[in-house]
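Undergrad: when you get a sec, could you give me coordinates for this:
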Amino acid sequence: MKIVVDGYGGDNAPYEIVKGAVQAVNQDKDLEVIITGNEEALKHIIAEFYSGARITIVDAPEVITCEEVPTIAIRRKKNSSLVKALTILKEKDVDGFVSAGSTGAVLAGGIFTLGRLNGVKRPALAPVLPTMKGGNVMLIDCGANIECKVEHLVQFAIMGICYMQAVYAIANPKVGLLSNGAENEKGSDLIRTTNSSLRAMDINFAGNVEARDIVSGDYDVIVADGFNGNIALKSAEGTANMVFAALKEEIGKSFKAKIGALLMKSSFKALKKRLDYTEYGGAAFLGVLKPLIKTHGSTKAKSIAASILQAKKMAESGITAKLDKQLKKYFGNE
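TA: Residues are numbered from 1 along each chain as shown. Presented below is the predicted three-dimensional model:
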């Protein structure tokens, strides 16, 4: 199975991207990775870590930055690492794509270069997060679609359900709708109308969910518009970082605390692993024609490797065909 990686996407490219690709192929003997970017620079870095044949390079001398207008950059920079990778994904026998580059450019490229599944009104960005009960929950959308209609949120729910069934083997995913209160009458007009639409469908819809309950473990899919979903995601990440930083600071204040921390070292390590987003890869961009993963711009090798393996897992699950089937079931060919 082949995954193509944007070698110059993200703050730590290309060094951490290459390291991540090497980690991925070392973890999975059935995996091949194509990296796009400056050929000479990539060859030099790869030589530090890897001498096998399962990582190849496609030269792409241009780079799309976060400062550029995504749609313009996609059209003008055909030889960029991002556009080359997406073109390879579309035209070649390649199974998935990973980038830590500009979110706007990745999403625009996914739509305009790769293309949408038939009937998809708005592809959605959907990370999978750890929960308090040790499971996983998908938050869909988390930033691709700032302004949404009811029909978009309903499609997000169906795509999220299909993903959790196909990739995580959850038979009947429980769905919640992000709102400012759990009561059905809470929320904006959009939320209240979407709530009514989802309750009328043959799905396991549990109603409205407050942000504090996203990672409770009581839900498998949380549906949101991209604006509120992104705020919820970033707030959760910021809170987790603050808690670990504050805990580290307090431990350093006394000898007794240091002794206690030493005794609890294994517990702290397990907790950090459980809450570490780098263990989960990136966010799937659902609704396009092949598996596409957008990972954090500041990501390092560990998360790149996880994202590559995540893209492979998506491809192996047959998620694209299953999404197409589910969308036709609920929405026909509209």
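Undergrad: how much space between Tyr163 and Lys322?
TA: Going from Tyr163 to Lys322 by CB to CB, to the nearest Å gives 9 Å. No exception for glycine: its C-beta is placed from N, CA and C like everyone else's.
Undergrad: these two: who's more crowded?
TA: Counted by other CB atoms under 10 Å, Tyr163 and Lys322 do not tie: Tyr163 has more neighbours, with 26 against 15.
Undergrad: which element is the more buried one on?
TA: Secondary structure assignment for Tyr163, by DSSP states H and E: helix 150-168.
Undergrad: buried set for that helix?
TA: Buried residues in helix 150-168, defined by neighbour count with 16 or more other CB atoms under 10 Å: 150, 152-168.
Undergrad: quick check: mean pLDDT of it?
TA: Taken as a whole, helix 150-168 has a mean pLDDT of 95.
Undergrad: if you count contacts, what does it end up packed against?
TA: For helix 150-168, the packing partners by 3 or more CB pairs under 8 Å, 6 or more residues apart in numbering; DSSP states H and E come out as strand 124-126, strand 136-140, strand 175-178, helix 189-199, strand 221-223, strand 283-286, helix 301-317, helix 319-331.
Undergrad: tell me the angle it makes with helix 301-317.
TA: 90 degrees (axes from the mean of the first three to the mean of the last three CA atoms, to 10 degrees).
Undergrad: please report how far the residue nearest to Ser99 when sequence neighbours are not counted lies from Leu42.
TA: Spatial nearest neighbour of Ser99, chain neighbours left out: Asp6 (3.7 Å); criterion: CB to CB, 6 or more residues apart in numbering. Between Asp6 and Leu42 the computed distance is 12 Å (CB to CB).
Undergrad: neighbour count winner among those two?
TA: For Asp6 versus Leu42, neighbours defined as other CB under 10 Å are more numerous around Asp6 (33 against 26).
Undergrad: so the more buried one touches Ser102, yeah?
TA: No. Between Asp6 and Ser102 there is no contact under CB atoms under 8 Å: 9.9 Å.
Undergrad: which pLDDT value goes with Leu271?
TA: 64.
Undergrad: how would you label Val215: helix, strand or coil?
TA: coil (DSSP: H, G, I helix; E, B strand; the rest coil).
Undergrad: how many neighbours does it have?
TA: 22.
Undergrad: so what's it scoring on pLDDT?
TA: 89.
Undergrad: same check on Tyr280?
TA: So Tyr280 comes in at 67 (pLDDT).
Undergrad: roughly how far apart are the residue nearest to Ala261 when sequence neighbours are not counted and Glu237?
TA: Among residues not flanking Ala261 along the chain, Ile251 sits closest, at 4.5 Å (CB to CB, 6+ apart). In this view, Ile251 and Glu237 are 22 Å apart by CB to CB.
Undergrad: okay, the two: which has more neighbours?
TA: Ile251 (17 against 14).
Undergrad: for that one, which residues are in contact?
TA: For Ile251, the residues meeting the contact criterion (CB atoms under 8 Å, 6 or more residues apart in numbering) are Ala257, Lys258, Gly260, Ala261.
Undergrad: out of the residues you listed, list just those in helices.
TA: Ala257, Lys258, Gly260, Ala261 (DSSP state H).
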